[in-house]
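**Student:** got a structure for you, letters missing:
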Ligand SMILES: [Zn+2]
């Protein structure tokens, strides 16, 4: 293994993981051509992230202990809400274009203990991402889950 490849791998162990996450969110914002007004990290119990119509994107502190792949999924998901308020076809197409494995990622995240009240979030945050219900928008009947 070369020294170079080791170096790029160790980028994760930054002294300021919260700053890294915010920086990555801004990088995604540029890529997705959206313009969040504020990106903040907050202790969130029941959600991984939320986004308001005013352009405030909030990410859960707990994301810092998740895989970067999962972080990207949540970041892209929330940022895309600046463009598409609901989980419509365009939203999913765009999400799939940038995070091709998002369904898989969302599925693996379900192992995370979901809150019993997940999904009953406050009405003024319509685009929040409740934990344990990452596949929201697909309806609650799960028929034919296997391929
Ligand atoms: Zn959403």
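**Tutor:** Sure, I can see it. These numbers were taken from a predicted model, which means no experiment stands behind them. Numbering: from 1, shown residues only.
**Student:** mind listing the strands for this structure?
**Tutor:** 38-42, 47-51, 56-60, 129-130 (DSSP state E).
**Student:** Next, format these as TSV and append mean neighbour count, mean pLDDT and distance to residue 102.
**Tutor:** (C-beta placed from N, C-alpha, C; glycine too.) Below are the strands of the chain laid out as TSV (neighbours: other Cβ atoms under 10 Å; pLDDT from 0 to 100; distance: least, Cβ to Cβ, whole Å):
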stretch	mean neighbour count	mean pLDDT	distance to residue 102
strand 38-42	15	95	20
strand 47-51	24	94	13
strand 56-60	21	96	16
strand 129-130	22	74	12
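**Student:** Pipe these into JSON lines and attach distance to residue 92 per row.
**Tutor:** What follows is those, written out as JSON lines (distance: least, Cβ to Cβ, whole Å):
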{"stretch": "strand 38-42", "distance to residue 92": "23"}
{"stretch": "strand 47-51", "distance to residue 92": "16"}
{"stretch": "strand 56-60", "distance to residue 92": "19"}
{"stretch": "strand 129-130", "distance to residue 92": "14"}
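**Student:** Show me the one of those strands that comes nearest residue 67.
**Tutor:** Proximity to residue 67 (Cβ to Cβ) singles out strand 47-51 among these, at 12.5 Å.
**Student:** Please name every helix or strand in contact with that closest one.
**Tutor:** In terms of contacts (3 or more Cβ pairs under 8 Å, 6 or more residues apart in numbering; DSSP states H and E), strand 47-51 is packed against strand 56-60, helix 68-80, strand 129-130.
**Student:** which one of these lies closest to residue 14?
**Tutor:** helix 68-80 (11.4 Å).
**Student:** Provide a list of residue ranges in the chain with pLDDT below threshold.
**Tutor:** For the chain, the stretches with pLDDT under 70 are 1-13, 110-128, 132-147.
**Student:** can you give me the helices for it?
**Tutor:** 3-9, 17-32, 68-80, 89-98, 102-108 (DSSP state H).
**Student:** Please work out which of those is packed deepest.
**Tutor:** helix 68-80 (a mean of 22; mean count of other Cβ atoms under 10 Å).
**Student:** Next, the angle from that one to strand 47-51.
**Tutor:** Relative orientation of helix 68-80 versus strand 47-51 (axes from the mean of the first three to the mean of the last three Cα atoms, to 10 degrees): 30 degrees.
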